[in-house]
Each structure stands twice: as C-alpha cells, then as structure tokens.
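>>> dropping a prediction and its sequence here:
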Amino acid sequence: MTAPESTFSPDDIHWMRHALALAQQAADMQEVPVGAVIVRDGKILGQGFNHPISGCDPTAHAEIAALRDACSREKNYRLPGATLYVTIEPCAMCAGALVHARIDRVVFGATEPKAGAAISTQRFFEAPQLNHKVNVEGGCLEQDCRSAISAFFQSRREQQKKLKHRLRGEPGDASADEE
C-alpha cells in the first residue's frame, strides 16, 4: 500500500504539498501537524487540519475537518469521485468516515504505526463487509510528512524538558536560555 515516490503523479505531489501547508497551520496552533485536502477534478472541495485540543473536540482530525468542509460546500454527505490527500495514515475513526462519505481514493504521506488503520495496525479499507471500496496509496512525500511530525514531537519533548527543569528550579540548557 505504500508506493515509491515515483509512482505518484505531479497532481498527487501538488496536493500533498498543500496538505503539508495545512499541517503547518496545525503546528502553529501547537496541534499535531496533520493536514488534509479533498480534491475532485483538480478542484478543492474541502480542507482542514488537526485541531482537537484547541477545538475541544476529539473528532477534530484533519480528515474529519476536510470532510465537514467539503460536504458543507457540496451540500451533500457523499463525495463520489473525490480524492483525500492527508499527511499521515488515517486512523479507524477517519477511515470509517471516509467510507461513509464515499471517497474514491486516499493518498497519505507517512504511516502511523500506533493508530494508522490503512496498513499499520489494521487494513480497514480491505474489510469485506464494507459496502464501498476506497483505493488507498501511501508514501506520497513520505519523508516530508514524517519530518513534520518528528520535528513537532521533538520540539514538544524539548519544551517539556525545559519546563520540568524550571519547575524544579534547576538550570536549563544554557544555550537555550541565551536565545
């Protein structure tokens, strides 16, 4: 299900870069940087980014935000013929919503080993009982997508370490204090 970078079209690369820009908006809000965009016939139907913390909404994943935006704009809860581009492999909740919305294709960047439902922890979209088939391809701009997530969590760990030192009254990293 993950494919070599060369198998993705220029349009796939373009839309994944757009999803990465949306992921940066999430990071700017101190949210896990995941972005998603739904496209049909070269036109954006909807887009979104992760915001469950700031939105006080555990369902506010990037895919759900993009689906809500697209369905609202289209005035339809079904989006046949559409492709969702998302920077990280969808979780089970998002995968279920994508099936219900009748998304034709999902293109994701990096796998998500803890919660990814396309290939990492399960193969949700391959379940025989589903009444809609979603085509899934992973690995589009994989390194860029993985780097965005890794950099976010590295920064978060460093911030938590500095806070821990301050709360204990310990000196932190001298180089960080000079900035």
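Thanks, I have the structure now. Numbers count the residues shown, from 1 in each chain.

>>> pLDDT weak spots in the chain?
Within the chain, the ranges that satisfy pLDDT under 70 run 1-6, 172-179.

>>> can you give me the strands in the protein?
Secondary structure of the chain (DSSP state E): strands at 35-40, 43-49, 83-88, 105-110, 135-138.

>>> need the ones you listed in a markdown table (columns: mean neighbour count).
The way it works is simple: take the backbone N, C-alpha and C, and place the C-beta from them, glycine included. Converted to a markdown table, the strands of the chain look like this (neighbours: other Cβ atoms under 10 Å):
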| stretch | mean neighbour count |
| --- | --- |
| strand 35-40 | 27 |
| strand 43-49 | 20 |
| strand 83-88 | 29 |
| strand 105-110 | 26 |
| strand 135-138 | 19 |
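
>>> so can I have a markdown table of those showing distance to residue 57?
Formatted as a markdown table, the strands of the chain follow (distance: least, Cβ to Cβ, whole Å):
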| stretch | distance to residue 57 |
| --- | --- |
| strand 35-40 | 15 |
| strand 43-49 | 12 |
| strand 83-88 | 18 |
| strand 105-110 | 22 |
| strand 135-138 | 25 |
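
>>> which one of these lies nearest to residue 147?
Set against residue 147 and scored by Cβ to Cβ, the strands of the chain come closest in strand 105-110, at 8.8 Å.

>>> that closest one packs against which elements?
Applying 3 or more Cβ pairs under 8 Å, 6 or more residues apart in numbering; DSSP states H and E, one finds that strand 105-110 contacts helix 10-28, strand 83-88, strand 135-138, helix 142-168.
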